[in-house]
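Visitor: structural data only, the sequence is not supplied:
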């Protein structure tokens, strides 16, 4: 079992930055693909980025490529999402998730989820 707790969300103006954290307990995150997803009101949950436990490959949705960066601190068993140049369309609840499989881009592949943290970007 893996327990995930996100933090770092908030209100920021367009063009600003936020860093989300996802602290894990139960098992080491290096065993999993760690992903960030987001869900805006009235929309489906969408893939944002993922980081493979072995090898460290990273993947990004086109909408965030070049602006968001996923990283992991193994000593703290924590995954981060650095978000720069934020836009109003980035407003959503952001979820951290862990996946022991292979697929990284689909929410159904992830077994463990955090409770989510709200990110609001004002124009």
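Guide: Sure, I can see it. Computed from a predicted model, the values in this text were never measured in an experiment.
Visitor: residue 31 versus residue 100, what's the distance?
Guide: Distance, residue 100 to residue 31, using CB to CB, to the nearest Å: 7 Å. Yep, even glycine has a C-beta here, placed from its N, CA and C like the rest.
Visitor: please disregard the earlier target; I meant residue 91.
Guide: Going from residue 91 to residue 31 by CB to CB gives 32 Å.
Visitor: can you count the residues close to the nearest residue to residue 17 once chain neighbours are set aside?
Guide: Of all residues not flanking residue 17 in the chain, residue 84 sits nearest, at 4.7 Å (CB to CB, 6 or more residues apart in numbering). Residue 84 has 14 neighbours, counted by other CB atoms under 10 Å.
Visitor: and the nearest residue to residue 67 once chain neighbours are set aside, how close does it get to residue 92?
Guide: Distances taken as CB to CB, 6+ apart place residue 85 nearest to residue 67, at 4.6 Å, with adjacent residues excluded. From residue 85 across to residue 92, the span is 16 Å (CB to CB).
Visitor: ranges for the strands of this structure?
Guide: For the chain, the strands defined by DSSP state E cover 3-7, 10-13, 18-25, 33-39, 46-51, 58-60, 68-73, 78-83, 92-99, 112-113, 117-122.
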